[in-house]
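Participant: Using only what follows, build the 3D model:
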Amino acid sequence: MTTPPSRAARRVAPQVPEDAVPTRVLVFGMAHEDGTVLAGELFPVAEACGQSAEQVRSCLRRVVAEGLLVRSGGSGATARYQATAAGTAALGATMERTLLAYGQDAAGRGWDRQWRLVAFALPEARRRDRQLFRDRLRALGGAAIQGGLYVSPHPWHKEVADQAAALGIDDAVTMATTDDLNVGGERDPRQLARRLWPLDELAGGYEAFVQRYRDLPALLTAMRRRHDKLADASFLPGALSMAVGFQACFERDPLLPPELLPRPWPGRAARDLLVTCRRLALSIRQSSGRPALFRLFDEAIEQMPLTTGPGGP
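Facilitator: The predicted model follows:
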């Protein structure tokens, strides 16, 4: 007989929205280090998270059609999916961004005061390549200064050059580095960051995330003191719900160096909250061993120190 979850456990597991975004987060959250996704692991976790088998199958069809996963054997519950080069790159980019964000939080600094500029001009006949290149620059945290001119404080020239080569537009791209950026008469780095990136909007998203989950560490700590155990029926949907909420902010974050951000910066508080809740939940999880969901994140955070507290220095 299954023991019904306690009131505290039910509060740990808010309802997960039933749409394609959390399902995609779930599918890629089940990836092994080598990019393998096993249906035998995925479907039980999806069911625990309130995602139907058809939702998962539909999502798998989409990511296969997009060239991110390929079925490498089996069928049904024994199916095995493997990340393609594009899928592996996406998983790797997510983990690199995670490590960058937490590394910057821990250091509290790290900018070399250099702005990296990328300029490009492509004819209308190459509209698709132009859009793909723009999308890549934005994904790398770049901001448009004006048409065809983007800037980033990160050392992104290698990634930019790789994308230009992949699209065959090397001869249309110019890169430069400067410590003296003047945009419309503004030179102050913090003011430039506020002008070029939507920091207020991003801060609002992080603040809403922190507000939603701010009581969760105390709840989990109280459960640990009482020696309560968190069953996967509560742990898994709670983990998915929190990941979906965090990713909604994190995917839009250019991860600017701390020197360019307002202080206190709520992105840092949100990341600390995410790791704190994950560690506490794992410490009272009923099942033994590392959970399959977000295993790559767990491997990364094992090496992450918590920063000094909400809001940062």
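
Participant: For the residue nearest to Gly29 when sequence neighbours are not counted, the count of nearby residues, please.
Facilitator: Excluding the flanking residues, the one nearest Gly29 by C-beta to C-beta, 6 or more residues apart in numbering is Phe294, at 4.8 Å. Glycine gets a C-beta too; all of them are placed from N, C-alpha and C. Neighbourhood size, Phe294 [other C-beta atoms under 10 Å]: 23.

Participant: Show the backbone phi and psi for Phe294.
Facilitator: Per-residue torsions, Phe294: phi 60, psi 40 (degrees, to the nearest 10).

Participant: change the start of the numbering to 505 and stick with it
Facilitator: Sure thing, new numbering starts at 505, so read that last one as Phe798.

Participant: residues touching it, list them.
Facilitator: The neighbours of Phe798, taking C-beta atoms under 8 Å, 6 or more residues apart in numbering as the test, are 533, 743, 747, 782.

Participant: Identify, from those residues, the entry nearest to Thr682.
Facilitator: Thr682 lies nearest to Ala747 out of those, by C-beta to C-beta, at 37.9 Å.

Participant: C-terminal to the helix or strand harbouring the closest one, what's the next element?
Facilitator: Using DSSP states H and E, Ala747 falls within helix 736-754. Where DSSP H and E defines the elements, the next helix or strand beyond helix 736-754 is helix 770-787.

Participant: so what does that following helix touch, helix or strand wise?
Facilitator: On a contact count with 3 or more C-beta pairs under 8 Å, 6 or more residues apart in numbering; DSSP states H and E, helix 770-787 meets helix 589-611, helix 703-717, helix 720-729, helix 736-754, helix 799-805.

Participant: what mean pLDDT does that helix have?
Facilitator: Helix 770-787 carries an average pLDDT of 95.

Participant: mind checking which helix or strand Ala680 is in?
Facilitator: Assigned by DSSP H and E, Ala680 belongs to strand 677-682.

Participant: what sits up against that strand?
Facilitator: In contact with strand 677-682 (C-beta under 8 Å, 6+ apart) are residues 618-624, 637, 661, 664-665, 668.

Participant: ok, of those, which come out buried?
Facilitator: If you count burial by 16 or more other C-beta atoms under 10 Å, the buried members of the contacts of strand 677-682 come out as 619-624, 637, 664, 668.

Participant: now, which of the residues you listed lie within helices?
Facilitator: In helices, defined here by DSSP state H, the members of these are 637, 664, 668.

Participant: Between those, which sits nearest Arg772?
Facilitator: Nearest to Arg772 among those, with distances taken as C-beta to C-beta, is Val664, at 26.9 Å.

Participant: Restricting to C-alpha, output stretch 694-703 in CSV.
Facilitator: The C-alpha coordinates for stretch 694-703 follow below in CSV (Å, rounded to 0.1, in the frame of the first residue of the first chain):
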residue,chain,number,x,y,z
ARG,A,694,27.1,49.7,-16.2
GLN,A,695,25.0,52.2,-18.0
LEU,A,696,25.9,50.6,-21.3
ALA,A,697,24.8,47.2,-20.0
ARG,A,698,21.5,48.6,-18.9
ARG,A,699,21.0,50.3,-22.2
LEU,A,700,21.9,47.3,-24.4
TRP,A,701,20.3,44.4,-22.4
PRO,A,702,16.8,44.3,-20.9
LEU,A,703,18.2,44.0,-17.3
